[in-house]
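**Q** sequence first, predicted model second:
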Amino acid sequence: MRAIGLTESYDASPSTEDGERLVSIEEVSLVYGRGKKEKEVLRNVSLELREREFVCVLGASGCGKTSLLRLIAGYEQPSSGRVRVLGREKAEPRPEVGVVFQHANLFPWLSIRRNAEFGLRMQGVGRAERRERAEEAVRRVGLGDAEDKLPFELSGGMKQRAAIARTLAASPRIILMDEPFGALDAITRENLQQQLRRLWLASRQAIFFITHDVDEALLLATRVVVLGGSPGSVAVDAPNPLYSEEESTAELRKRQEYGKLREQLVESLKHA
Ligand SMILES: Nc1ncnc2c1ncn2[C@@H]1O[C@H](COP(=O)(O)OP(=O)(O)OP(=O)(O)O)[C@@H](O)[C@H]1O
């Protein structure tokens, strides 16, 4: 694995070394299909996600980012190697691991609050607690006033916030996000980045976040991972030197070293 140029100026990232290891991926490869259709998409990937980390994964289209997320979510099993999630040897879908996709996939006939309640209902959480947790989650993403609205009444950004609320309502220990802002316009995207950052700073729930957007990774991540190659493997795994708890995303963008770090990361992506 190449060291990231970014680490040279590393001085501000939080120490998460002491945080509990929530996800551990060890020498994993993943092969889809069989026989002539066989395709190895990940090879020898090792990664971890610890408590309080916000890990952003960058990589060219098709290098296996979503496949990696699917392994952690338990939707796929590795062809070789180990994926341990919250102490379990075999990753499987469970409420402690929330997933947010690029498209909100809300139930169109349920209000925002009821969408947020849905997973809790499936888990057998009682009505009063369900409602309370859903309302709280909807408030946290700033949709308190819209909780009775149906999805078709919401903008794209609001829908995505509703999808995040649905995930938060289940109080997951890990949140997996697959390009959650990828389909949004630039301004909405920036607003949601700021909002997610505030949510994360307040809760420190571990987040594993896939993005194509270098700026998004620099503004949000405590650690940046670059996947590359075919089959995909980890080219870079390094703390984000730009990470700061005090500064807003707008302030971070204005930092002198921002442009240089961005350039380095783009170069890493090109050569990954
Ligand atoms: N279920 C599947 N069966 C066979 N091949 C698959 C399957 N899912 C993904 N692939 C292939 O695996 C490769 C990696 O796909 P994946 O979606 O993980 O990449 P990605 O980096 O997330 O791409 P993108 O950035 O475009 O979303 C691609 O070539 C894709 O066509």
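**A** Received, thanks. Just so it is clear, the model here is predicted, and its values are computed rather than measured.

**Q** rest of the way, CA atoms for contacts and neighbours
**A** Fine.

**Q** which intervals of the stretch 151-272 of the chain have sub-threshold pLDDT?
**A** Filtered on pLDDT under 70, the stretch 151-272 of the chain yields no residues whatsoever.

**Q** ok, which stretches of it are strands?
**A** Remark: strands assigned in the stretch 151-272 of the chain by DSSP state E, counting those that start in this stretch are 174-178, 206-210, 223-228, 233-239.

**Q** what would these look like in JSON lines with mean neighbour count and distance to the ligand?
**A** JSON lines is the format used below for the strands of the stretch 151-272 of the chain (neighbours: other CA atoms under 10 Å; distance: least, CA to the nearest ligand atom, whole Å):
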{"stretch": "strand 174-178", "mean neighbour count": "23", "distance to the ligand": "8"}
{"stretch": "strand 206-210", "mean neighbour count": "25", "distance to the ligand": "8"}
{"stretch": "strand 223-228", "mean neighbour count": "24", "distance to the ligand": "8"}
{"stretch": "strand 233-239", "mean neighbour count": "22", "distance to the ligand": "11"}
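
**Q** let me see the contact set for the closest residue to Phe152 other than its chain neighbours.
**A** Of all residues not flanking Phe152 in the chain, Pro108 sits nearest, at 6.9 Å (CA to CA, 6 or more residues apart in numbering). Contacts for Pro108 were tallied using CA atoms under 8 Å, 6 or more residues apart in numbering; they are 150-152.

**Q** check Val224 too.
**A** Applying CA under 8 Å, 6+ apart, we find Val224 in contact with 55-58, 217-218, 236-240.

**Q** who does the helix ranked longest in the chain touch, helix- and strand-wise?
**A** Longest helix in the chain by number of residues, with DSSP state H as the criterion: helix 186-203. Helix 186-203 sits against helix 156-169, helix 214-220, with contacts defined as 3 or more CA pairs under 8 Å, 6 or more residues apart in numbering; DSSP states H and E.

**Q** JSON lines for these, including distance to the ligand and mean neighbour count?
**A** JSON lines is the format used below for the helices and strands packed on helix 186-203 (distance: least, CA to the nearest ligand atom, whole Å; neighbours: other CA atoms under 10 Å):
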{"stretch": "helix 156-169", "distance to the ligand": "18", "mean neighbour count": "25"}
{"stretch": "helix 214-220", "distance to the ligand": "13", "mean neighbour count": "21"}
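
**Q** tabulate the ones you listed in a markdown table, adding columns for distance to Ser24.
**A** Formatted as a markdown table, the helices and strands packed on helix 186-203 follow (distance: least, CA to CA, whole Å):
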| stretch | distance to Ser24 |
| --- | --- |
| helix 156-169 | 22 |
| helix 214-220 | 21 |
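
**Q** among those, which is nearest Leu22?
**A** The closest of the helices and strands packed on helix 186-203 to Leu22 is helix 156-169. By CA to CA, the value is 17.4 Å.

**Q** Asn115 is in contact with Phe107, isn't it?
**A** Yes. In this structure, Asn115 is within contact of Phe107 by CA atoms under 8 Å, at 6.4 Å.

**Q** and these two? Which one has more around it.
**A** Neighbour tally, Asn115 and Phe107, criterion other CA atoms under 10 Å: the higher count belongs to Asn115, 26 against 14.
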